[in-house]
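S.K.: Could you look at this predicted model? Sequence included:
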Amino acid sequence: MPKVTIDGREIEVEAGLTILQAAERLGIEIPRFCYHDRLSIAGNCRMCLVEVEKAPKPIASCAWPVAEGMVVRTRSEIATKARNGVMEFLLINHPLDCPICDQGGECDLQDQAMAYGRGFSRFGEHKRAVPVKTMGPLIRTYMTRCIHCTRCIRFATEIAGVPEMGALGRSEHMEITTYLEGALHSELSANVIDLCPVGALTSAPYAYVARPWELKKTESIDVMDAVGSNIRVDSRGPEVLRVLPRLNEEINEEWISDKTRYACDGLRHQRLDRPYVRRDGKLEEASWQEAFETIALRLQSLDGKKIAAIAGDLADCESMAALKDLMAGLGSSHLDCRQDGAKLDPVNAAGWRFNTTIAGIEQADALLMVGTNPRWEGALVNARIRKRWLRGGFPIGVIGEAHDLTYRYDHLGEGGDALRAVADGSHDFAKVLKDAERPMIVLGMGALTRSDGAAVLALARKIADETGMVVEGWIGFNVLHTAAARVGGLELGFVPGEGGRDVEGILAGAEGGEIEVVYLLGADEIDTARLEKAFVIYQGHHGDRGADCADVVLPGAAYTEKHALYVNTEGRAQRARLSHFPPGEAREDWKILRALSAALDKTLPYDTLEELRARLAQASPVFAAYDKVVPVAWGVFGTEGTLDAAPFATPIADFYRTDPISRASATMAECAAVIAPGPNNAQEKTGTDG
């Protein structure tokens, strides 16, 4: 390992490290625009020039590897003068937009011009102008500001896997654009806004809305999918104005999906802000007391066997625990959190988790995906798979619909026959899995929500056992969920008790009259037409499908409006935090259930959030270990049976509108119209390595 001296301090680093990376190890700041530690090295901006002893001229530290005995000076007169000159050149054509630029206050160019610039310019020529480029409904372009760092190009090509951006022209005529001046067909496209250091690419929905110093910044968790991306919610007063990514190497690194970032405008529309009671066939405004009295009157003397509850995809763990306890007090065992009817076995946690963890994908050396399109079901999981694939030596097999997943794969088949062939070893890919040291399988909801889902689950477990996916320190069996509430509900046991009905049983019972009262906790993805004969209580935050069929509506809080726990697809409990209060008379969901229990004379045994979370910790150790994955033991799950030969179909038809919040979002509606047709084009990708 070479030893290098930087600003008089000696350090020993791994061979191949650049001067800039070595300096960072010492805590020495070197300015840069084009360099990013998750992107390939470009060496475009030259802002990172340093003086190296015996070198004839300043060297770009981001692209120059360290060597034994190298002596580097980052603050010498030569380095300082070189950076002053580079900054002067960068500002020759840069417009004086700072007072109106959305990047103002968060701009790398502003900060580095202050720290490393001359403070004056010697150029008086006319500045160049670049026409506005079209990049879809999410990205607003001001390409006159562009300094050609190419971060956006490298992100689109390397991370997102959509090589639709590039540079046209040469020298000062060079322009960065999408080649056909259309929207980027990627679920991660808006991350280029965070990467752009100068405000050339800004957020279109957020344009001219607020300044960063006006915003309240709250660290929270995303619920648009089951990945559990770490986010920062920026709000002003009662409104969420934008959502940005937070760094979490274990889950989302520093990226988020476009739906996570932009569905927040749906929090302002179609909100439930007061209770409603159906009178003479029409929902009318009511007080909380009237709503509770109506429910109490309907439940009076009703046998618990005629009451059921369904938890929706955005429900938090506290509210599900409270509803479960309330149902137990009412004598009902009919409850389920598997809104889509997924045949997940609640007995063993290893059968419903992403056991390798998302970061663990990078340690795998073979992958089989069954009934899943991770690009739409977990965009950050797909990005991690692509990251591993780019390193090479990572064969990927897909059983199900063929999609453009941004990496090459072998399409093994579409239905149960192909899965059975892998399980019995007659398919060539079975040998690929057996020969791998750390193989993994990812099972999606497209395989588990079918009538034969339990048999698919059992067969996938058999593949994991027989191909060496379960060894000490490695469980290669994974389930990729699509709902933020699903794993939390399974962990706390929000599933049918003894003699209880699942979602299908509840709906059938409501049709047949055996179930008379159904409590929907944000459940909007079910066939509500089957509940016409039942008395429906809907608790949620949007006037979506569940509210339309309800007899009593109780207004709850969205994920940005409460302190709540969510468990992601890995089984990692994470805390969402309140950034602003819910609108009108809406309340946090567990508090509504606690108040309702008192009105029903079934008072729940907790009065504070801390007491309720202690109850959760008793249900599962997951809830006592925030931000950590609690190990689970491998076991038997699923039910052996006959597999249907029908293709495994992806459960998501529209990536941009999958829940009440995104369906209420005008931005997501525009994306669905403009961008969605791109990635939905099925393109079979053959081959096994990068």
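M.R.: Cool, got the structure.
S.K.: which residues sit in contact with the spatially closest residue to Leu272 that is not a sequence neighbour?
M.R.: Once flanking residues are discounted, Leu272 sits nearest to Pro555: 3.9 Å by Cβ to Cβ, 6 or more residues apart in numbering. (C-beta placed from N, C-alpha, C; glycine too.) With contact taken as Cβ atoms under 8 Å, 6 or more residues apart in numbering, Pro555 is in contact with 271-275, 539-541, 582, 584-587.
S.K.: Check the gap between Pro555 and Ala598 for me.
M.R.: With distances taken as Cβ to Cβ, to the nearest Å, Pro555 is found 18 Å from Ala598.
S.K.: Gly446 now?
M.R.: Going from Gly446 to Ala598 by Cβ to Cβ gives 43 Å.
S.K.: quick one, which of those two is more surrounded?
M.R.: Ranked by neighbour count (other Cβ atoms under 10 Å), Gly446 and Ala598 place Gly446 first, with 25 against 12.
S.K.: Next, give phi and psi for the more buried one.
M.R.: Gly446 adopts backbone torsions of phi -60, psi -20, taken as degrees, to the nearest 10.
S.K.: contacting residues for it?
M.R.: Listed by Cβ under 8 Å, 6+ apart, the contact set of Gly446 reads Gly371, Thr372, Asn373, Gly400, Glu401, Phe648, Ala649, Thr650, Pro651.
S.K.: try 6 Å this time
M.R.: Residues in contact with Gly446 (Cβ atoms under 6 Å, 6 or more residues apart in numbering) are Gly371, Thr372, Gly400, Phe648, Ala649, Thr650, Pro651.
S.K.: Skipping its backbone neighbours, what lies nearest it in space?
M.R.: Using Cβ to Cβ, 6+ apart, the nearest residue to Gly446 is Gly371, at 3.5 Å.
S.K.: Tell me the pLDDT of that neighbour.
M.R.: As predicted, Gly371 sits at a pLDDT of 96.
S.K.: And for Ala649?
M.R.: On pLDDT, Ala649 comes in at 92.
S.K.: tally of neighbours for it?
M.R.: 18.
S.K.: Against Gly341, how distant is the closest residue to it other than its chain neighbours?
M.R.: Closest residue to Ala649 apart from its sequence neighbours, by Cβ to Cβ, 6+ apart: Gly446 at 5.5 Å. According to Cβ to Cβ, Gly446 and Gly341 sit 12 Å apart.
S.K.: my read: Pro163 touches Ile153, true?
M.R.: No: the pair Pro163 and Ile153 fails to qualify as a contact (Cβ atoms under 6 Å) at a distance of 8.5 Å.
S.K.: Comparing these two, which residue is more hemmed in?
M.R.: Between Pro163 and Ile153, counting by other Cβ under 10 Å, Ile153 is the more crowded of the two (20 against 12).
S.K.: element containing that one, please.
M.R.: Assigned by DSSP states H and E, Ile153 belongs to helix 151-154.
S.K.: following that helix, which helix or strand comes up?
M.R.: Downstream of helix 151-154, the next assigned helix or strand under DSSP H and E is strand 165-168.
S.K.: List of residues touching that following strand?
M.R.: Contacts for strand 165-168 (Cβ under 6 Å, 6+ apart): Cys152, Ile153, Ala156, Met174, Glu175, Ile176, Thr178, Tyr179.
S.K.: ok, now which ones touch the third one?
M.R.: Yep, that's Ala156 we're talking about. Going by Cβ under 6 Å, 6+ apart, Ala156 touches Val162, Met165.
S.K.: Same check on the second one?
M.R.: Each residue near Ile153 by Cβ under 6 Å, 6+ apart is listed here: Met165, Gly166.
S.K.: quick one: it from Asp102, how far?
M.R.: Taking Cβ to Cβ, one finds Ile153 at 21 Å from Asp102.
S.K.: and what of the fifth one?
M.R.: The gap separating Glu175 from Asp102 is 21 Å, by Cβ to Cβ.
S.K.: If you count surrounding residues, which of the two has more?
M.R.: Neighbour count, other Cβ under 10 Å: between Glu175 and Asp102, Asp102 has more, with 22 against 16.
S.K.: which SS state does the more buried one fall under?
M.R.: Here Asp102 is coil, with the state taken from DSSP: H, G, I helix; E, B strand; the rest coil.
S.K.: Begin at 125, not 1, for the rest of this chat.
M.R.: New numbering, starting at 125: the last item is Asp226.
S.K.: Surely it and Ala328 touch.
M.R.: No: contact criterion Cβ under 6 Å: Asp226 and Ala328 do not qualify, at 9.8 Å.
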